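>>> Below is the structure, and that's it, no one-letter string:
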């Protein structure tokens, strides 16, 4: 029988309980279960579904098969005042990134700025989640992470950088934070997968064949292009900056040395780095100056004229609007994720985050 | 008589002497003359001619007409350990940025990271010059600055951000630094001017008409597009990050409030901000780990396969190759700059940086 085209929905509260319970049942300690759930729900709430609760099954797998330590002893070390290193003990990247940002915010509170390099970590999920953690504490937050190679260099013909995201969040008075969370590739890979499944051509200059040539055919995509099209040296350069901060500063693996996220090896730690930074705004000018400046900047932007048929948004506005809708109406669960949730609920003897069974 | 098509060349030593002497004769103090000359020669040496010695005439004008204070008393202030504000006293942006980066490097030496927000400054020239100053001291350097509006928002129909550059330099053992120096617009405006003068069409998606629509015709360009083409929200977001760090943190003017660089008002200070940051690499991992990581990253990048007919370069490689050629063979002076140099040499009774008169 054909699936209903309207996906099932789950409330944030129910998803939160379910994800946490599954992770705990899979052997994660409370801190890991909490951080991983929080990061996935950031993705699901804001509409970044590739980094939302659909990752639950992957995380259960890597926590139980050995790649990710379910009960890590993370250690902070610092020889200089305003920076530190966090050894994540091969634990989950989301726990490492929240811990690191928490410490960066503490350092910024004391020194005006704080940075933490993360070592021996793993996939951290949606970078914006950790930048937001700083903004929620009144600071400017930046979070970056390299990842396994998938993006060619400018004029390159080989997967070189990961999608290497840059996330930055800035508090805005009486508003949700300004939030930039962008891959340094031209498009995310799941866009290629989506276009492949619906048989649509890709835009120009966003993906390449094995020879590094541009292609519009999702079937022949071997790698993504860096942000910038003909000016892809900018996207490549930004990916490089992420690589240097995440992997070179921490002494961790460069993108082209990181084992693929999907396996086949799911039992060996991936040796990933990441980097977070917090800036205390009132360490430069006073609090009111900063707040007035942000308010004026964001309000002027939102009221700026758009070209015909379009509208102008501040970074994050689209995601916050989505979050409002999903907080009120629930989070849609795609059929594959629903199937996996049913398996996990049976495996661990847990209730599903949505009531009853689908009417068939 | 028609100009010879081969431009006249000047050595770096001669240009250095000439620019410094002109600035001093125009009333600049020694520190200003030194910093402005150093920044312009960074541009001319690396082939960034829009920010090279062709700016000498503009700088003389603003130093003598009142926009830029030729003898500023710049003041550092700090309430928190690892950050500071530099009030540039309406002096030249290049002096402010070198001073700020020097202090950021000192802070990073002590605290592992250091940042300085610049207030009451002016056009600082090529952002890469200040990032390089940190890399030359063994640190990672970042320099950003907003500027008068010239770039539309994603889907916008109005000049909103400046070209808001991001420059980052990272030391590489036995090599010149990794150097990213990029505008967050799709192209620089001088590319539009060049294509207009030679009657060439612009690439797709890099510039817009007054209505915000894409145009390939340089004659109808009213504003530049943000980096990223169809994904211009990324370029706009990066421009916003530059805006927030440069102008909001410092309480200075947002791009759309900054008087145009070219005038007509050349006597009122422009109230510009900027932001520089330095990171001490061995505050995270040890020096060898960082150096080995950078070496491996850059070497692997340079040896990575290119698509047919192209080659792969690390950020800065093109500019450093140009610098090698120009250090050996001299810096070409375009006819308009040559004409202005002749005027300045007569006005201040100074020798030209090239021998004799053009044979006519």
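On my side now, so go ahead. On a predicted model such as this, the values are computed, not experimentally measured, just so you know. Residues are numbered from 1 along each chain as shown, chains lettered A, B, ... in the order given.
>>> Who are the contact partners of the residue in the stretch 251-360 of chain A that chain B sits nearest to?
Of all residues in the stretch 251-360 of chain A, residue A:307 sits closest to chain B, at 3.2 Å by C-beta to the nearest C-beta. Where C-beta positions appear, they are placed from N, C-alpha and C, glycine not excepted. Applying C-beta atoms under 8 Å, 6 or more residues apart in numbering or on different chains to residue A:307 gives the contacts B:155-157, B:208, B:211-213.
>>> ranges for the helices of chain A?
A:12-25, A:30-46, A:56-65, A:93-111, A:127-136, A:189-198, A:232-243, A:287-302, A:317-329, A:335-348 (DSSP state H).
>>> Just list what the second one packs against, helices and strands only.
Translated: helix A:30-46. helix A:12-25, helix A:56-65, helix A:93-111, helix A:127-136, helix A:317-329 (3 or more C-beta pairs under 8 Å, 6 or more residues apart in numbering or on different chains; DSSP states H and E).
>>> and the helices of chain A, which one's lowest on average pLDDT?
The minimum mean pLDDT among the helices of chain A belongs to helix A:189-198 (a mean of 87).
>>> Of all the residues in that helix, which ones are buried?
Buried residues in helix A:189-198, defined by neighbour count with 16 or more other C-beta atoms under 10 Å in any protein chain shown: A:189, A:191-192, A:195.
>>> how close does residue A:117 get to chain B?
4 Å (C-beta to the nearest C-beta, to the nearest Å).
>>> which parts of stretch A:261-281 are buried?
Quick answer for stretch A:261-281 (16+ other C-beta under 10 Å): A:261, A:266, A:269-281.
>>> what sits against the residue in the stretch 151-300 of chain A positioned nearest to chain B?
Of all residues in the stretch 151-300 of chain A, residue A:212 sits closest to chain B, at 3.2 Å by C-beta to the nearest C-beta. Residues in contact with residue A:212 (C-beta under 8 Å, 6+ apart) are A:152, A:155-158, A:223, B:305-308, B:310.
>>> which ones among those residues are found in strands?
residue A:223 (DSSP state E).
>>> Tell me the buried residues within the contacts of residue A:212.
Buried by 16+ other C-beta under 10 Å: A:152, A:155-158, A:223, B:306-307, out of the contacts of residue A:212.
>>> Rebuild those residues as JSON lines, extending it with pLDDT and distance to residue B:39.
Output for those, formatted as JSON lines (pLDDT from 0 to 100; distance: C-beta to C-beta, whole Å):
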{"residue": "A:152", "pLDDT": "98", "distance to residue B:39": "34"}
{"residue": "A:155", "pLDDT": "96", "distance to residue B:39": "30"}
{"residue": "A:156", "pLDDT": "97", "distance to residue B:39": "32"}
{"residue": "A:157", "pLDDT": "97", "distance to residue B:39": "37"}
{"residue": "A:158", "pLDDT": "96", "distance to residue B:39": "37"}
{"residue": "A:223", "pLDDT": "97", "distance to residue B:39": "38"}
{"residue": "B:306", "pLDDT": "96", "distance to residue B:39": "33"}
{"residue": "B:307", "pLDDT": "93", "distance to residue B:39": "36"}
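>>> hang on, residue A:43 packs against residue A:50?
Yes: taking contacts as C-beta atoms under 8 Å, residue A:43 lies within contact range of residue A:50: 7.3 Å.
>>> Which one's more surrounded, these two?
When neighbours are counted by other C-beta atoms under 10 Å in any protein chain shown, residue A:43 comes out ahead of the other of residue A:43 and residue A:50, with 23 against 15.
>>> how close does that one sit to residue A:207?
23 Å (C-beta to C-beta, to the nearest Å).
>>> Show me what residue A:276 is bridged to.
Beta-bridge partners for residue A:276, by DSSP bridges, are residue A:116, residue A:143.
>>> Surely it is in contact with residue A:140?
No: with contact defined as C-beta under 8 Å, residue A:276 does not count as touching residue A:140 (11.5 Å).
>>> shared neighbours, those two?
residue A:134.
>>> Tell me, how many residues neighbour residue A:250?
So residue A:250, with other C-beta under 10 Å, has 28 neighbours.
>>> Could you find the closest non-adjacent residue to it?
Using C-beta to C-beta, 6 or more residues apart in numbering or on different chains and skipping the chain neighbours, the partner closest in space to residue A:250 is residue A:273 (3.5 Å).
>>> ok, the one you found - contacts?
Here residue A:273 is in contact with A:117-119, A:121, A:145-146, A:246-247, A:249-253 (criterion: C-beta under 8 Å, 6+ apart).
>>> Put the buried members of these into a ChimeraX selection.
Burial among the contacts of residue A:273 is assessed by 16+ other C-beta under 10 Å; the matching ChimeraX selection reads:
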select /A:117,118,119,121,145,146,246,247,249,250,251,252,253
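>>> My guess is residue A:295 contacts residue A:173. True?
Yes: judged on C-beta under 8 Å, residue A:295 makes contact with residue A:173 at a distance of 5.5 Å.
>>> out of these two, which sits in the more crowded spot?
More neighbours surround residue A:295 than the other of residue A:295 and residue A:173, with 15 against 12 (other C-beta under 10 Å).
>>> Just give me the closest of the contacts of residue A:212 to residue A:340.
Proximity of these to residue A:340 was ranked by C-beta to C-beta; the top entry is residue A:223 with 28.0 Å.
>>> Leaving out chain neighbours, which residue sits closest to the residue sitting nearest the centre point of chain A?
For chain A, residue A:126 is the residue whose C-alpha lies nearest the centre (C-alpha atoms, centre = their mean; 1.3 Å). Leaving aside its chain neighbours, residue A:126 sits nearest to residue A:51 (3.9 Å; criterion: C-beta to C-beta, 6+ apart).
>>> Can you give me the domain assignment for chain A?
Following the assignment in automatic domain parsing, chain A carries domains at A:1-65+A:330-360, A:73-183+A:231-304, A:186-225.
>>> Let's have these in TSV, adding distance to residue B:321.
Listed next are these as TSV, based on distance: least, C-beta to C-beta, whole Å:
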stretch	distance to residue B:321
domain A:1-65+A:330-360	39
domain A:73-183+A:231-304	14
domain A:186-225	22
